[in-house]
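Student: this one's structure only:
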């Protein structure tokens with residue numbers, strides 16, 4: 001016969017010592033994102049974690065509050081392919097943009113019918129009778145409000161690492177890739193440089209180099225680094241540092257490329273839609289080391 005009053009199963013034993021409990025009572029943990037990030041900075045200052053670890057942890061924390069709409073490449077700057085494009089046009093687009101995946105549309109750009117993998121074009125050499133339509137992979141559509149955490153989980157769960165972002169009316173707002181999401185974690189997380197807080201286009205990094213937005217006005221860069229940046233042709237006029245560097249390089253900069261100008265070493269960190277989104281900048285003499 002079962003016991004009508006079974007003994008209560010004790011709660012899981014709390015193995016914290018009295019001193020540990022007292023310490024946690026006197027010094028409670030952070031209760032906001034800002035405090036948590038501040039705690040990570042203190043941990044780095046106290047040599048508890050390294051600079052790279054702090055950067056990545058900050059990225060994870062910040063990413064939790066971000067959405068696809070904040071990180072996407074806007075529709076106006078998307079590189080797309082028409083299903084009616086000739087093979088020569090396809091190859092030229094793939095070579096010029098250096099992307100691995102392309103949204104394919106039929107008729108209007110709003111009508112995305114699939115995703116073309118650049119590597120799949122190689123199949124046409126073995127089987128010329130194949131139609132481009134047969135090579136398309138399904139397009140994934142996500143709302144602008146989709147959180148990056150959820151999007152990263154989706155990307156990890158399928159082999160299609162590009163999603164088309166749509167707005168509240170169902171129109172194409174842009175696109176986002178797994179690389180865009182991961183860069184929020186592994187990319188440099190900034191501490192503000194000597195500029196107004198609401199401007200946010202030049203940041204000091206942990207390795208004593210700087211992160212500079214490609215949209216930063218050239219005058220601001222000159223003031224921040226005490227330089228005078230001008231192009232090889234003084235008659236050319238550019239408003240942004242991204243425009244100037246692209247002109248000096250003679251082509252659309254790609255990630256990882258570097259260019260020295262005015263005593264500064266500009267390394268391309270990230271590009272979107274054919275323009276530089278972020279540079280890493282260091283004095284050319286020591287290249288940031």
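Tutor: Received it, and whenever you're ready, just let me know what you need. From a predicted model like this one, the values you see are computed outputs, not experimental measurements.

Student: isn't residue 175 up against residue 99?
Tutor: No - taking contact to mean C-beta atoms under 8 Å, the distance of 10.2 Å between residue 175 and residue 99 leaves them out of contact. Heads up, the C-betas are built off the backbone N, CA and C, glycines and all.

Student: where's residue 154 relative to residue 120, distance?
Tutor: From residue 154 over to residue 120 the distance is 22 Å, taken as C-beta to C-beta, to the nearest Å.

Student: who has more neighbours out of residue 175 and residue 99?
Tutor: Neighbour count, other C-beta atoms under 10 Å: between residue 175 and residue 99, residue 175 has more, with 29 against 16.

Student: what about the helices in the stretch 101-250 of the chain?
Tutor: Under the criterion DSSP state H, counting those that start in this stretch, the stretch 101-250 of the chain contains helices at 123-126, 132-135, 148-157, 178-186, 218-225, 241-249.

Student: out of those, nearest to residue 203?
Tutor: Comparison of the helices of the stretch 101-250 of the chain against residue 203 by C-beta to C-beta identifies helix 218-225 as nearest, at 10.6 Å.

Student: can you give me how far that closest one is from the chain middle?
Tutor: Remark: helix 218-225 is offset 24 Å from the chain centroid, using C-alpha atoms, centre = their mean, to the nearest Å.

Student: rounded mean pLDDT for it, please.
Tutor: Average pLDDT, helix 218-225: 91.

Student: repeat for stretch 233-240
Tutor: If you average the pLDDT values across stretch 233-240, you get 76.

Student: tell me the contacts of residue 148?
Tutor: Contacts were defined as C-beta atoms under 8 Å, 6 or more residues apart in numbering; by that measure residue 148 touches 63-64, 66-68, 71, 181, 184.

Student: what of residue 141?
Tutor: Contacts for residue 141 (C-beta under 8 Å, 6+ apart) come out as 163-166.

Student: any idea which of the residues you listed is closest to residue 87?
Tutor: residue 164 (24.1 Å).

Student: so that closest one bridges to which residues?
Tutor: residue 141, residue 175 (DSSP bridges).

Student: I figured it was touching residue 144, is that so?
Tutor: No - Residue 164 is beyond contact range of residue 144, at 11.0 Å (criterion: C-beta under 8 Å).

Student: neighbour count for the two, which is higher?
Tutor: For residue 164 and residue 144, the more surrounded residue by other C-beta under 10 Å is residue 164, and the numbers stand at 20 against 16.

Student: quick one, what contacts that one?
Tutor: Residue 164 makes contacts with 103, 112, 139-142, 172, 174-175, as judged by C-beta under 8 Å, 6+ apart.

Student: one more: residue 280?
Tutor: Contacts here follow C-beta under 8 Å, 6+ apart; on that basis residue 280 touches 188, 205, 209-212, 266-267, 269, 288.

Student: so which of those wins on neighbours?
Tutor: Neighbour counts for the contacts of residue 280 (other C-beta under 10 Å) peak at residue 266, which has 28 neighbours.

Student: quick check: that residue touching residue 248?
Tutor: No - shown here, residue 266 and residue 248 do not form a contact pair, counting by C-beta under 8 Å, at 9.2 Å.

Student: just the strands in the stretch 151-289 of the chain please.
Tutor: 162-166, 172-177, 191-192, 202-204, 210-213, 258-261, 264-272, 275-283 (DSSP state E, counting those that start in this stretch).

Student: need the pLDDT of residue 112.
Tutor: Predicted confidence (pLDDT) for residue 112: 95.

Student: and what of residue 34?
Tutor: Residue 34 is assigned a predicted lDDT (pLDDT) of 73.

Student: got phi/psi on it?
Tutor: The phi/psi pair for residue 34 (degrees, to the nearest 10) reads phi -60, psi -40.

Student: any idea how far residue 251 lies from residue 110?
Tutor: Residue 251 sits 30 Å away from residue 110, going by C-beta to C-beta.

Student: residues contacting residue 238?
Tutor: Counting by C-beta under 8 Å, 6+ apart, residue 238 makes contact with 218, 231, 244, 247.

Student: for PyMOL, write a command that selects the buried ones of those.
Tutor: Typed into PyMOL, the line below selects the buried ones among the contacts of residue 238, using 16 or more other C-beta atoms under 10 Å:
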select buried, resi 218+231+244
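
Student: which among the contacts of residue 238 gets closest to residue 124?
Tutor: Using C-beta to C-beta, residue 247 is the member of those that sits closest to residue 124, with 36.2 Å.

Student: having no further points to raise, I will conclude here.
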